[in-house]
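In: please work out how this folds:
(chains A and B)
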Amino acid sequence: MRHYIAKSLFALCSLSIAFVFTACSEDFPLDLAGMFSPQGETIDTRFAQSMSYNDSVGEIHLNMQQDNYTIYLCSDSHITRTRHALLSYFIQQYEAAASPKLAIHLGDLIDAQKNYACADSILNLGGRSINDTLFITPGNHDIYYWQWPLYRELFGTSVYWFDTNNGTQKLDLFICLDSAEGELGQQQMTWLRNLLEAKAKEYRHVIVFSHTHMWKLDASQETTSNMALEATYEFTSMLAKYGVDYYWSGHQHARQNVLYKGVRYIVLDATKDTERHPSYAIAHMSDHVDIEFVPYPEQ
Amino acid sequence: MRKLLIFLITLCPLALLAGNPGFGNRRYALTVMGEYSYNRTWSHHGNLDVQALLPFNPHFEMEAKLQASTANVYTGAVQLRPKFEMPTGELFIETDIMYKAVARNRVGDITAGLGLGYRMDYVSVMLGVFSRVMDDWDRDWHSEDTYVVEPFNLMYRLEVFCRPQDNPWNLSFCFSNMDDFQMERMWQPLFMVGAYYDINDHWRLNFGAQCKPTGMFHLDATFYGATARTGFTYKF
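Out: I've put the predicted structure just below:
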């Protein structure tokens, strides 16, 4: 507790001092305007543009050929032009894994502006199609300070769903939400409610993933904020009501595993080069979902 | 320890703003307030607040608070506040316990906090920690489900007043992660404005407004909710 209070006090103190001394990343000085006003398109705009993109490309149904498959999960890679070894390693592991498989990045792909070119190169986005098996949800670092147009150019959408099948019947439903600014917005919540109401019962597992985690269970990272409490009550109740099995997220940089109202909330460790205990996860999808955390090798 | 010292140093200039305290012992009081509130989750809703202040003696007071919301959320809170006169103000220990019955989502949210504060004529500061337990009303004792515990959160409040505490009117600006009926996570601050006017020796007119952004520490803040309140206090 003493450690926690000291960290909290330091973080609060940093907030005061940060108005004078600011430096966030190697690529751009931290502009604290982001603490007081939106720095780019807000969630309702991003949602509308995402829906428009989704309509233009159609639904994504992945044929896994069989009932069992694996999902490679990572989060918070925060890559820069010089710091991306762990994400590169993750992609190598994923590419080398046996099919059927898919991969999901749970946000904060890049650390700040000017790093999307590097991300593009590591993820080999140019060589992938809309039905490819690498999915992503935006984190705050991916879209703040007017980066949404760059994100949109690379990935097209921040709110979408896809499902898997074995060639004859549906398997699992995956829903990606945009919580990059710590808020889902009314339009996205309505879309989610309607989608779950219409589709959730048709699938073996229903998995929702987004960047922002739900609870502040420890002080593993000082300044990762959650959604507002009202949004937490409402969102967690909605997931429970429609029988969602899992909510996967990142943001906290430290793993969590909580079963609340019948929904399993998994938070991933970071895939950031400078992290003390980085890891990624492999979800083994069958009639059960088994999550295996895999530490990265020492750098 | 060095980090703690840095923090205390940043607070020291605030102490220089202190004037004579002059607020003395408060009286038993009952406050009734009506609120209009909006947030992006519950949309438009109204709240009715009832608060009782019970200053048992010069060194100990208690506040009991109830709020009913048209959003189908009900909150009860009790604050026990030992306090000690100091040369330039009043040192107090804030102990809070709050239960929020989120009936619309069948969730109970209980928070308990302990803080240390110092109130002066123009500035009041408080810093402490609180814990939260969030639980599902329908959780089966035999299920694998758990309640959620957020063990340690920082609670803080910095309030600046335009007039001394014993003035018949006042205007205040407050930055905190808690108010009378909510204790938010430490990275979810609330910005509040408050005002009162003493109509006579017994009746006080209160006004208040609050803005709640979200995503401040995502560095992509956006508006989340706002509240406006007004009501009367009767001082016995």
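In: contacts and neighbour counts: CA atoms only from here.
Out: Noted.
In: now do the contacts for B:T111.
Out: Under the criterion of Cα atoms under 8 Å, 6 or more residues apart in numbering or on different chains, the neighbours of B:T111 are B:96-99, B:130-133, B:183.
In: is it fair to say B:H142 lies in a strand?
Out: No - B:H142: not assigned to a strand; according to DSSP: H, G, I helix; E, B strand; the rest coil it is coil.
In: just the pLDDT at it, thanks.
Out: For B:H142, the model assigns a pLDDT of 77.
In: also B:A15?
Out: Per-residue pLDDT puts B:A15 at 40.
In: likewise for A:N115?
Out: Looking at A:N115, its pLDDT reads 82.
In: of the contacts of B:T111, buried ones?
Out: Among the contacts of B:T111, those classed as buried by 16 or more other Cα atoms under 10 Å in any protein chain shown are B:96-99, B:130-132, B:183.
In: in strands, which of those appear?
Out: B:96-99, B:130-132, B:183 (DSSP state E).
In: as a markdown table, the buried ones among the contacts of B:T111 with distance to A:Y296 and pLDDT would be great.
Out: As requested, the buried ones among the contacts of B:T111 are exported to a markdown table (distance: Cα to Cα, whole Å; pLDDT from 0 to 100):
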| residue | distance to A:Y296 | pLDDT |
| --- | --- | --- |
| B:D96 | 43 | 96 |
| B:I97 | 43 | 97 |
| B:M98 | 43 | 97 |
| B:Y99 | 43 | 98 |
| B:F130 | 35 | 95 |
| B:S131 | 33 | 95 |
| B:R132 | 33 | 95 |
| B:M183 | 38 | 95 |
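In: circling back: could I get the contacts of B:T111 as JSON lines with distance to chain A?
Out: Rendered in JSON lines, the data for the contacts of B:T111 read as follows (distance: Cα to the nearest Cα, whole Å):
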{"residue": "B:D96", "distance to chain A": "18"}
{"residue": "B:I97", "distance to chain A": "17"}
{"residue": "B:M98", "distance to chain A": "14"}
{"residue": "B:Y99", "distance to chain A": "13"}
{"residue": "B:F130", "distance to chain A": "11"}
{"residue": "B:S131", "distance to chain A": "10"}
{"residue": "B:R132", "distance to chain A": "10"}
{"residue": "B:V133", "distance to chain A": "10"}
{"residue": "B:M183", "distance to chain A": "9"}
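In: for those residues, give me JSON lines that also has distance to B:L116.
Out: JSON lines is the format used below for the contacts of B:T111 (distance: Cα to Cα, whole Å):
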{"residue": "B:D96", "distance to B:L116": "11"}
{"residue": "B:I97", "distance to B:L116": "15"}
{"residue": "B:M98", "distance to B:L116": "18"}
{"residue": "B:Y99", "distance to B:L116": "21"}
{"residue": "B:F130", "distance to B:L116": "12"}
{"residue": "B:S131", "distance to B:L116": "16"}
{"residue": "B:R132", "distance to B:L116": "19"}
{"residue": "B:V133", "distance to B:L116": "22"}
{"residue": "B:M183", "distance to B:L116": "16"}
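In: how about those residues, which pair is most distant?
Out: By the measure Cα to Cα, B:D96 and B:V133 form the most distant pair in the contacts of B:T111, at 14.0 Å.
In: which helix or strand in chain A has the lowest average pLDDT?
Out: When the helices and strands of chain A are compared on mean pLDDT, DSSP states H and E, helix A:2-18 comes out lowest with a mean of 54.
In: do the next helix or strand after it and chain B meet at all?
Out: Using DSSP states H and E, the next helix or strand after helix A:2-18 towards the C-terminus is helix A:43-57. No - Helix A:43-57 stays clear of chain B (Cα under 8 Å from any Cα of the partner chain), getting no nearer than 9.1 Å.
In: and helix A:43-57, how far from the chain's centre?
Out: 18 Å (Cα atoms, centre = their mean, to the nearest Å).
In: let me see the mean pLDDT of that helix.
Out: Mean predicted confidence for helix A:43-57 is 95.
In: find the nearest non-adjacent residue to the most centrally placed residue in chain A, please.
Out: Nearest to the geometric centre of chain A sits A:L106, at 2.2 Å (Cα atoms, centre = their mean). Excluding the flanking residues, the one nearest A:L106 by Cα to Cα, 6 or more residues apart in numbering or on different chains is A:S75, at 4.6 Å.
In: show the contacting residues for that neighbour.
Out: Neighbours of A:S75 in contact, by Cα under 8 Å, 6+ apart: A:105-109, A:249-251, A:253, A:268-271, A:280.
In: just put these in a markdown table and tack on pLDDT and secondary structure.
Out: Listed next are the contacts of A:S75 as a markdown table, based on pLDDT from 0 to 100; DSSP: H, G, I helix; E, B strand; the rest coil:
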| residue | pLDDT | secondary structure |
| --- | --- | --- |
| A:H105 | 95 | strand |
| A:L106 | 96 | coil |
| A:G107 | 94 | coil |
| A:D108 | 92 | coil |
| A:L109 | 92 | coil |
| A:S249 | 96 | strand |
| A:G250 | 94 | coil |
| A:H251 | 92 | coil |
| A:H253 | 91 | coil |
| A:L268 | 96 | coil |
| A:D269 | 94 | coil |
| A:A270 | 94 | coil |
| A:T271 | 94 | coil |
| A:Y280 | 96 | strand |
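In: residues near A:D76, how many?
Out: When neighbours are counted by other Cα atoms under 10 Å in any protein chain shown, A:D76 registers 30.
In: which ones are touching it?
Out: A:106-110, A:139, A:250-251, A:253, A:269-272.
In: residue numbers of the stretch 51-200 of chain A in contact with chain B?
Out: Counting by Cα under 8 Å from any Cα, the residues of the stretch 51-200 of chain A that sit close to chain B are A:140-141, A:144-145, A:180-183, A:185-186.
In: what pairs with the spatially most central residue of chain B across the strands?
Out: Centroid-nearest residue in chain B, with Cα atoms, centre = their mean: B:D179, separated by 2.6 Å. On the basis of DSSP bridges, B:D179 is bridged to B:Q182.
In: show the pLDDT at it.
Out: We have a pLDDT of 93 for B:D179.
In: quick one: it and B:K100, what's the gap?
Out: 13 Å (Cα to Cα, to the nearest Å).
In: now swap in B:D220 and tell me
Out: 28 Å.
In: which ones are touching B:D138?
Out: Contact analysis of B:D138 by Cα under 8 Å, 6+ apart lists B:R106.
In: assumed it was part of a strand.
Out: No - counting by three-state DSSP, B:D138 is not found in a strand; it is coil.
In: got a pLDDT number for it?
Out: 88.
In: can you give me the neighbour number for A:T82?
Out: 9.
In: how about it, what does it touch?
Out: A:T82 touches nothing, counting by Cα under 8 Å, 6+ apart.
In: ranges for the strands of the chain?
Out: All of this is about chain A. A:60-63, A:69-74, A:101-105, A:134-136, A:160-165, A:170-176, A:205-209, A:246-249, A:256-260, A:263-267, A:279-285, A:289-295.
In: oops, wrong one, chain B.
Out: Ranges of strands within chain B are B:29-39, B:43-57, B:60-69, B:73-86, B:89-102, B:107-119, B:123-136, B:148-161, B:169-176, B:178-179, B:182-183, B:190-198, B:203-214, B:222-235, based on DSSP E.
In: how about these, which one is nearest A:V206?
Out: From those, taking Cα to Cα, the stretch that ends up closest is strand B:123-136, at 20.7 Å.
In: pLDDT weak spots in chain B?
Out: B:1-25 (pLDDT under 70).
In: one more time with 50, if that's ok
Out: Applying pLDDT under 50 to chain B flags residues B:1, B:4, B:7-22, B:24.
In: what's the answer for the stretch 151-299 of chain A, then?
Out: Within the stretch 151-299 of chain A, no stretch has pLDDT under 50.
In: if we use 70, what do you get?
Out: A:221-222, A:299.
In: now the contacts of A:D76 as a markdown table including distance to A:L259?
Out: Below are these laid out as a markdown table (distance: Cα to Cα, whole Å):
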| residue | distance to A:L259 |
| --- | --- |
| A:L106 | 19 |
| A:G107 | 22 |
| A:D108 | 25 |
| A:L109 | 27 |
| A:I110 | 30 |
| A:G139 | 23 |
| A:G250 | 16 |
| A:H251 | 18 |
| A:H253 | 19 |
| A:D269 | 18 |
| A:A270 | 21 |
| A:T271 | 24 |
| A:K272 | 26 |
